[in-house]
Structures are given as C-alpha cells and as structure tokens.
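Visitor: Predicted model, plus sequence, below.
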Amino acid sequence: MAEATFAECLQVMKSKNDDYAGVSGDPFTNFKASTLMGIEPERGLMLRVTDKFMRIKNFIDRGELSVKDEPVDDAISDIINYMILLKGLIKDKKEETNEHKTKYTNHTLTTHAEWLRDQSRPK
C-alpha cells in the first residue's frame, strides 16, 4: 500500500507542479504568492493542509463527503504531498538564509580587509 500510495502521490505532484509552477518551474511559486498577503509560504501551505484535515475529519464524522468526485483518499494524498513540499520549502529557505549569511560574511570580511589595508597606508 505504501509503495502504491507514494507512486500515486509522486505522479499527482508532478502533474500539479506543471499546473501551478508554470513557466517558472519553481514548485513553490503558488505558496510564495502568499507573501502578497503578508503570509509566509510555510504558513500558507499549512493553511491548505488544515483544509484537507477538516475535509478528512468531516468524512470520519459523517462517513461520506458531499463532493463525490473527490474521495477522501485524494485529501490524504494531498497532505502527503503538502508535507513533501513543506520539507522542500524549509530546505529552500534554509539554503537562501545560508547564502545570504555567506554573502554578508564575505562582504564584511572584504570590507574589513579593505579598512585594515587603508589604515596601514602612510598618511
């Protein structure tokens, strides 16, 4: 069951990535768009997960869903894919932060080295 579920989730993720990422190819494009409303992409993604949890909860409570062409299995698969995307968003953000720190550190070291060189020059 796990292998079949993961294979299905991967196929769905690839298809949806084509729809959501568009020409940018960035799988996080639609989540990053949440920043237009002041919401961090990770929080925007988690809000969507909450929607899926509520749908599953309602299925458990009632034993059925009103929208018949979207089975509860789809909501479960969506959550699996959202968690993979969240993992990617967190990794991407961490890498961006590390790049920024490296650039800042390199700039600071270069600036400091220039300052020291200027201080050692005769006046």
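Guide: Structure received.

Visitor: make it CA atoms for all contacts and neighbour counts henceforth
Guide: OK.

Visitor: ok, the residue most central in space within the chain to residue 40 distance?
Guide: With distances taken as Cα atoms, centre = their mean, residue 89 lies nearest the centre of the chain, 3.0 Å away. As for residue 89, its distance to residue 40 is 11 Å (criterion: Cα to Cα, to the nearest Å).

Visitor: Ok, residue 1 next?
Guide: With Cα to Cα as the criterion, residue 1 and residue 40 are 34 Å apart.

Visitor: How about residue 61?
Guide: Distance from residue 61 to residue 40, by Cα to Cα: 31 Å.

Visitor: residues in contact with the closest residue to residue 29 other than its chain neighbours?
Guide: In space, and not counting its chain neighbours, residue 29 is closest to residue 21: 5.6 Å by Cα to Cα, 6 or more residues apart in numbering. Going by Cα atoms under 8 Å, 6 or more residues apart in numbering, residue 21 touches 27, 28, 29, 30.

Visitor: now the first one, what's its secondary structure?
Guide: Meaning residue 27. coil (DSSP: H, G, I helix; E, B strand; the rest coil).

Visitor: Which pLDDT value belongs to it?
Guide: For residue 27, the pLDDT comes out at 88.

Visitor: Tell me how far the residue nearest to residue 29 lies from residue 31.
Guide: 10 Å.

Visitor: repeat for residue 1
Guide: For residue 1 relative to residue 31 (Cα to Cα), the value is 29 Å.

Visitor: same thing with residue 3?
Guide: 27 Å.

Visitor: Pick out whichever of those two has more residues nearby.
Guide: Neighbour totals were compared for residue 3 and residue 31, and residue 31 leads with 22 against 8 (other Cα atoms under 10 Å).

Visitor: re the thing from before, higher neighbour count, residue 61 and residue 40?
Guide: residue 40 (15 against 10).

Visitor: Could you find the closest non-adjacent residue to the more buried one?
Guide: In this structure, residue 40 finds its nearest non-sequential neighbour in residue 34, 6.4 Å apart by Cα to Cα, 6+ apart.
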